[in-house]
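# Sequence first, predicted model second:
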Amino acid sequence: MSLIFEKQIEVTEEHIDGNNHVNNVQYVKWVEEIAGEHWDFVKHKTNHPDDVWMLLDHHIQYKKQVYLGEIITIKTYPKNPEGIRQPRKVEFYCNGQLVVDSLTLWVFIDKETQRIIRLESDWLDIL
């Protein structure tokens, strides 16, 4: 199975800011949403289906504006773990061009104890 998860969104009025393009904060919301959707899609394949991810760090780069009615393709995938940190890329495309690029760092949290779970360095192989 590919580690890439993607979906498409049509830009609506609720996504637009006063400058008539997608609000930068909306991209941050979409980054969190697609990360959660991807986890929901694959968690049944892991030994931790009830545990959760917590966002530690977020870097986002805005490259081009997107406007009302345009279709955005969002692609996300985890990168190799860095100790307890799990990097995740989220890329936004419109008309085949990368318009927003994001790199986030997450930690995995035991839902019961609220402590960090250290996943095996090869845990992505099961996906």
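Everything's here; your move.

# where do the helices sit along the chain?
In the chain, the segments counted as helices under DSSP state H are 24-42.

# Let me see the contact set for the residue nearest to the spatial centre of it.
In the chain, the residue lying closest to the centroid (CA atoms, centre = their mean) is Ala35, at 3.5 Å. Contact partners of Ala35, counting by CB atoms under 8 Å, 6 or more residues apart in numbering, are 53, 55, 76, 88, 90, 104, 106. No exception for glycine: its C-beta is placed from N, CA and C like everyone else's.

# ditto for Pro49
Contacts of Pro49 by CB under 8 Å, 6+ apart are Lys43.

# The closest residue to Glu6 other than its chain neighbours and Asn95, how far apart?
Leaving out its chain neighbours, the residue that sits closest to Glu6 by CB to CB, 6 or more residues apart in numbering is Lys75, at 4.4 Å. Lys75 sits 15 Å away from Asn95, going by CB to CB, to the nearest Å.

# More neighbours: the two, which one.
Per other CB atoms under 10 Å, whichever of Lys75 and Asn95 has more neighbours is Lys75, with 15 against 11.

# one step back: surely the residue nearest to Glu6 touches Gln8?
No - the pair Lys75 / Gln8 is not scored as a contact, 10.2 Å apart, by CB atoms under 8 Å.

# wait, what's in contact with Val42?
Contacts of Val42 (CB under 8 Å, 6+ apart): 5, 127.

# just for this structure, where's the confidence low?
1-2 (pLDDT under 70).

# go again using 90 as the cut-off
Along the chain, segments meeting pLDDT under 90 span 1-2, 45-48, 119-127.

# Tell me who's in contact with the residue nearest to Glu6.
Taking CB under 8 Å, 6+ apart as the test, what Lys75 contacts is 4-6, 89-91, 93.

# Check Leu3 too.
Here Leu3 is in contact with 77-78, 124, 127 (criterion: CB under 8 Å, 6+ apart).
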